[in-house]
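K.L.:
Show me the folded form of this:
(one chain, ligands or ions: 1)
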Amino acid sequence: MTGKAHLAIGAAVGAAAAVYYSPGTLNALLFIGISAFSALCADLDGPSMLSSKLGKVSRFMREFALWGAVLFLGIVAYYFFRGESMPPVLVGSCGAAVLSGLVMKEGTLRNALVSVVGAAIIYAGYVYEMGWLMGFGLFVGWVPWLKHRGMTHTIWAIPIWGAIAWGLERQLQVSGITVVAMLGYASHLAADTLTPSGVKWLYPIMKKSFKIRL
Ligand SMILES: [Zn+2]
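P.N.:
Okay, the predicted model is just below:
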């Protein structure tokens, strides 16, 4: 399943949740964004489209994501060394965009970059005293080194993701964020279950790969 497909499914789940919770226009967009982002993050452990042939556009996008990440880290470092604080919203949206791009990249350099972004997020969580953000940074920094479709693709990962989202929910005071994030994440696992290699939902307790043929 490609990153684009996960993004689309996640966004649809977020839109459905927005209809259900009817949180107002701005928060509806927030729901869609969080759900789509959650649906992508499960594949931070590795490229989701290793075997698929890449078109020129997607190859360009991948390179762009890589250099975008380098640029982003450069900007953060610039602010950091000048002793100025960056607007949290700017950091947050740039960070999310870079991570989304890096999901589609592969290789050691990509993993290292994702981990550097993770370390930056942990640091930001420490500075702003946001425990959930540190948890998110830990997730981001750690999972690139896991086996693809391993621990991130299990039922256990969903409540962990939910715990991170719960912190964000309390931070923003928008109820429903935790549920939306967990649904978005779960939509990724459900979608992967429809692919030939399936998902080891209960790994490591059960090594069986669950798959549904449509
Ligand atoms: Zn996946």
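K.L.:
I'd like to know which elements the lengthiest helix in the chain is packed against.
P.N.:
Longest helix in the chain by number of residues (criterion: DSSP state H): helix 56-81. In this structure, helix 56-81 packs against helix 88-103, helix 108-127, with contacts taken as 3 or more CB pairs under 8 Å, 6 or more residues apart in numbering; DSSP states H and E. (Glycine included, C-beta is placed from N, CA and C.)
K.L.:
Which residue is the nearest non-sequential neighbour of P88?
P.N.:
Y128 (6.8 Å; CB to CB, 6 or more residues apart in numbering).
K.L.:
How many residues are close by that neighbour?
P.N.:
For Y128, the neighbour count with other CB atoms under 10 Å is 13.
K.L.:
and what of Y79?
P.N.:
The local packing of Y79 (other CB under 10 Å) involves 15 other residues.
K.L.:
roughly how far apart are it and G118?
P.N.:
Distance from Y79 to G118, counting by CB to CB, to the nearest Å: 18 Å.
K.L.:
what stretches of this structure score poorly on pLDDT?
P.N.:
46-59, 61-62, 104 (pLDDT under 70).
K.L.:
okay, which residue is most central for it?
P.N.:
Among the residues of the chain, the one closest to the centroid is C41, at 2.4 Å (CA atoms, centre = their mean).
K.L.:
Could you check how far it is from V19?
P.N.:
C41 is 23 Å from V19, by CB to CB.
K.L.:
V117 too?
P.N.:
Using CB to CB, one obtains 32 Å as the distance from V117 to V19.
K.L.:
Quick check on those two: which one has the bigger neighbour count.
P.N.:
V117 (23 against 10).
K.L.:
For that one, list the residues it contacts.
P.N.:
With contacts defined as CB atoms under 8 Å, 6 or more residues apart in numbering, V117 is in contact with 69, 72-73, 95, 98-99, 102, 140-141.
K.L.:
Need the max-distance pair from those residues.
P.N.:
Farthest apart among those by CB to CB are F72 and G141. That separation is 15.5 Å.
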